[in-house]
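Peer 1: Provided below are the primary sequence and the corresponding predicted coordinates.
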Amino acid sequence: MRALRSVLALFLFCAALPLAAQDHEKPTTPPNPLPAPSVTSHQLQLSDRTIHFTAKTGAIRLSDAKTGAPVADVAYIAFLKDGEDPAKRPLTFVFNGGPGASSAWLNLGALGPWRLPIVGSALAPSAQPVTVDNADTWLDFTDLVFIDPPDTGYSRILSKDESAAKSFFSVSGDINALAVVLRKWLVENKRIASPKFIVGESYGGFRGPKLARRLTESEGIGIDGMVLVSPVLDFAWFEGTNNLLTYATHLPSFTATTRGLSGLDGREKLADVEAYASGPYIVDLLRGERDPALLDEVSKKVASFIGLDPNFVQRLGGRVDGSSFERERARAAGRVASAYDSLVTGYDPNPHSERSEYSDPVLDALRAPLASAMVNIYETKLNWFVDARYEVLNEDVSHKWEWGSPPEVISDLKEDLALDPNLHVLIAHGLTDEVTPYFGTQLLINQIPPMGDPDRLRLAVYGGGHMVYALDRSRAALRADAQKLIVGR
C-alpha cells in the first residue's frame, strides 16, 4: 500500500528525480529566510482586452505557537487586478499536488497572466522556457494567490527541529499548515471579506475539501467554492492488488485513447464502454478467475474496446492495468504512452525488454522548462531573487510523506456541502488521464446525495490528460466553467 502511494506521489505518482552528478545534498532549499515581499505593476495586452494588475511576491512565516521560533517560510505569488473593490473581488488560492509539487503547473499552464505552452514540441527538457501572454488567464474574474507548500518552489523549512519539519509531511499536518498560511495571508493583505475560492490540481485537488473544512472549523474562514482539477478523491480506489474497481475505472480512459478522443464532446462517444464498465464488467470481475469461458469472453470484450492484442489481454485475464496499457499501446513502434495523457507517446529506451524503466513523456519532459520559466519570471518580472534551486517537483517530500490509513476526501466533501448550502464545487478531468481516471471520480460522486441543487457538485470532462489545460479548447472550457462557478451564479 505504502509503495503504491509513493508511485502516486508527485502529481499522485512521480518518476525518480535524478540529482546532478556528485550532488549528494538533499534537494531542499537553504535554511535562511526568504526575501522581503516585492510589489510590481504589470499590463497584460491581449488581442481583445488589456488587464492592469499588481503582482505581490513574498512569503508567509510560520512560527512555533509556544516559542515563536521560525518554522517555515511559505512562498506565494499574488496577482491582483487593479481598480477593483477588495471586499467584493473574488480571491482564489491555488495549489498543485504531489505531495512535492510547486504551483508552477497551474500558474504557467492555465490560470496566471503568463503561460508556458506544454504541448507538441514543447514537451522536451530542452524546450525554450519562453512564456506568452495568457489570453485564458482567470485574472478577468478573480484575483489569484499561488501557494508553494514547504520544500516546494522556493518555500523552505527554517527550523532545525526534525519533528517540526516532519509535521509538514503528512495529510493532516499539511492541511493544518496551509490553513494557517491562508488565514495569515488574508489578514496581512486585508482580504478577509473577499469571496474566497480554492483551486487544486491532483493532490492539490485532494487538499481542497479538507482545507475548506479545516478553515471553517479552526480558522474562522468560509470558502465559497472549489475547482478540483484531476483530483484523487479516495486513495483506496487506487490501491491494492485485489481492488477490481481499478480495472473498471480505467477502462473508459483506455478506450478514449484507442478512439483518439481529444475534443470537448469526447465523453459522448464513450457511453457504450461506460455502461459496460459500470455493469457487466464489474459483475464478471467479481465472478473471479476460475471460469475459462468467462475469462475468454471478458478478455475479448475488453480487447475490443482498448485495441490491444486479444491474446495479450487474455493473458491478463481481461484485467488490464495502466502500466501494461501504456507499454503495449505503441510497443511495435518502440514507444510508450504517458500515464498523464495516454495519447502522448515517447521513445522506450528498452523497447525489446519485457519490462522497461522510462521517463514519463509528459511529466518528466516538463520539469526543466517549467522550473526555468518560473525562475525567469521571478527574476525578470517579479523582482524577487532567491539564490536557490526552484523545486518544481521535490521527490524528497514524497518520500518523507506520512500517509496513515488510505486517505479520502469524500467524507470531507459531503460535510462541506451539507454544512454550507452556498458552496459550489467543480471537478474537472481529462478523458485520457490514466493517473486519476475521470470515471473513478464519476462513480465516487454518484455516492454523494444532491443536497439541494444537483449542480452544486458537477463533473466536467474535457479532452486531454491530467494537465487537461494543455489543450487550447480544454483550457478555455475549464476557464469558462470556473468563471461560471466564481462569478456567474
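Peer 2: Good, I have the coordinates. Because the structure is predicted, anything quoted here is derived from the model rather than measured.

Peer 1: Under the pLDDT cut-off, which ranges of the stretch 351-489 of the chain? List them.
Peer 2: 489 (pLDDT under 70).

Peer 1: Do a quick rundown of the strands in it.
Peer 2: 424-430, 457-462 (DSSP state E, counting those that start in this stretch).

Peer 1: Would you list the strands that the longest one pairs with, along with their directions?
Peer 2: Sheet pairing here is set by DSSP bridges, and for strand 424-430 it gives strand 225-229 (parallel), strand 457-462 (parallel).

Peer 1: what sits up against that strand?
Peer 2: Taking contacts as C-beta atoms under 8 Å, 6 or more residues apart in numbering, the residues outside strand 424-430 that touch it are 205, 209, 224-231, 341, 413, 416-417, 436-438, 441, 445, 455-468, 474, 478, 481-482, 485, 489. Placement of C-beta: from N, CA and C, glycine included.

Peer 1: which among these end up buried?
Peer 2: By the neighbour-count criterion of 16 or more other C-beta atoms under 10 Å, these include these buried positions: 205, 209, 224-231, 341, 413, 416-417, 436-438, 441, 445, 456-468, 474, 478, 481-482, 485.

Peer 1: any chance of the strands of the stretch 351-489 of the chain in TSV, with distance to Asp82 too?
Peer 2: Below are the strands of the stretch 351-489 of the chain laid out as TSV (distance: least, C-beta to C-beta, whole Å):
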stretch	distance to Asp82
strand 424-430	27
strand 457-462	31
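
Peer 1: Out of those, flag the one nearest Phe235.
Peer 2: strand 424-430 (16.3 Å; C-beta to C-beta).

Peer 1: now that closest one: how far from the chain's centre is it?
Peer 2: The gap between the average C-alpha position of strand 424-430 and the chain average comes to 12 Å, counting by C-alpha atoms, centre = their mean, to the nearest Å.

Peer 1: quick check: domain ranges of the protein?
Peer 2: The chain resolves into domains spanning 2-236+366-487, 242-260+277-347 when parsed by automatic domain parsing.

Peer 1: Same list, those, but as a markdown table with distance to Glu357 please.
Peer 2: Rendered in a markdown table, the data for those read as follows (distance: least, C-beta to C-beta, whole Å):
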| stretch | distance to Glu357 |
| --- | --- |
| domain 2-236+366-487 | 9 |
| domain 242-260+277-347 | 10 |
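
Peer 1: Any idea which of those domains has the lowest pLDDT on average?
Peer 2: Among those, domain 2-236+366-487 has the lowest mean pLDDT, at a mean of 90.

Peer 1: what's the nearest residue to Val273 once chain neighbours are set aside sitting at in phi/psi?
Peer 2: In space, and not counting its chain neighbours, Val273 is closest to Thr255: 4.4 Å by C-beta to C-beta, 6 or more residues apart in numbering. Here is the backbone geometry of Thr255 (degrees, to the nearest 10): phi -70, psi -40.

Peer 1: element containing the residue in the chain sticking out farthest from the centre, please.
Peer 2: Of all residues in the chain, Ala293 has its C-alpha farthest from the mean position, at 41.0 Å, by C-alpha atoms, centre = their mean. Ala293 belongs to helix 292-306 when elements are defined using DSSP states H and E.

Peer 1: Now do the buried residues in the next helix or strand after that helix.
Peer 2: Using DSSP H and E, the helix or strand that follows helix 292-306 towards the C-terminus is helix 310-315. Neighbour-count burial for helix 310-315, counted by 16+ other C-beta under 10 Å, picks out 313-314.

Peer 1: Helix 310-315 packs against which elements?
Peer 2: In this structure, helix 310-315 packs against helix 292-306, with contacts taken as 3 or more C-beta pairs under 8 Å, 6 or more residues apart in numbering; DSSP states H and E.

Peer 1: would you put the C-alpha positions of the helix it packs on in PDB?
Peer 2: Backbone C-alpha positions of helix 292-306 (Å, rounded to 0.1, in the frame of the first residue of the first chain) are rendered in PDB as follows:
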ATOM      1  CA  PRO A 292     -12.100 -20.200 -18.500                       C
ATOM      2  CA  ALA A 293     -15.100 -19.500 -20.700                       C
ATOM      3  CA  LEU A 294     -15.900 -16.400 -18.700                       C
ATOM      4  CA  LEU A 295     -12.300 -15.100 -18.900                       C
ATOM      5  CA  ASP A 296     -12.200 -15.600 -22.600                       C
ATOM      6  CA  GLU A 297     -15.500 -13.700 -23.000                       C
ATOM      7  CA  VAL A 298     -14.300 -10.800 -20.800                       C
ATOM      8  CA  SER A 299     -10.900 -10.600 -22.500                       C
ATOM      9  CA  LYS A 300     -12.400 -10.400 -26.000                       C
ATOM     10  CA  LYS A 301     -14.800  -7.700 -24.900                       C
ATOM     11  CA  VAL A 302     -12.000  -5.600 -23.200                       C
ATOM     12  CA  ALA A 303      -9.700  -6.000 -26.200                       C
ATOM     13  CA  SER A 304     -12.400  -4.800 -28.500                       C
ATOM     14  CA  PHE A 305     -12.600  -1.600 -26.500                       C
ATOM     15  CA  ILE A 306      -8.900  -0.800 -25.900                       C
END
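
Peer 1: who's in contact with the closest residue to Ala179 other than its chain neighbours?
Peer 2: Ranked by C-beta to C-beta, 6+ apart and with sequence neighbours excluded, the top spatial neighbour of Ala179 is Arg214, at 4.4 Å. Taking C-beta under 8 Å, 6+ apart as the criterion, Arg214 is in contact with 175-176, 179.

Peer 1: Any chance you could list what contacts the helix holding Ala293?
Peer 2: When contacts are taken as C-beta under 8 Å, 6+ apart, the neighbours of helix 292-306 outside the stretch itself are 251, 254-255, 257-258, 273, 276, 281, 284-285, 287, 289, 309-310, 313-314, 316-318, 320, 325.

Peer 1: next one: stretch 273-288
Peer 2: Here stretch 273-288 makes contact (C-beta under 8 Å, 6+ apart) with 244-245, 247-249, 251-252, 255, 294, 297-298, 301-302, 305, 318-319, 439, 443.

Peer 1: And for stretch 117-129?
Peer 2: In this structure, residues lying in contact with stretch 117-129 by C-beta under 8 Å, 6+ apart are 109, 116, 132, 344, 361-362, 364-373, 376, 467, 470-471.

Peer 1: again, only this time at 6 Å
Peer 2: The set of residues that contact stretch 117-129 without belonging to it, under C-beta atoms under 6 Å, 6 or more residues apart in numbering, is 109, 365-366, 368-369, 372-373, 470.

Peer 1: By neighbour count, which of those residues wins?
Peer 2: Within the contacts of stretch 117-129, Leu366 tops the neighbour count with 28 neighbours, counted by other C-beta atoms under 10 Å.

Peer 1: For Leu251, which non-adjacent residue is spatially closest?
Peer 2: Leu251 sits nearest to Ala277 (C-beta to C-beta, 6+ apart), 4.5 Å away.

Peer 1: And for Arg207?
Peer 2: Gly200 is the one closest to Arg207 (C-beta to C-beta, 6+ apart), at 5.1 Å.
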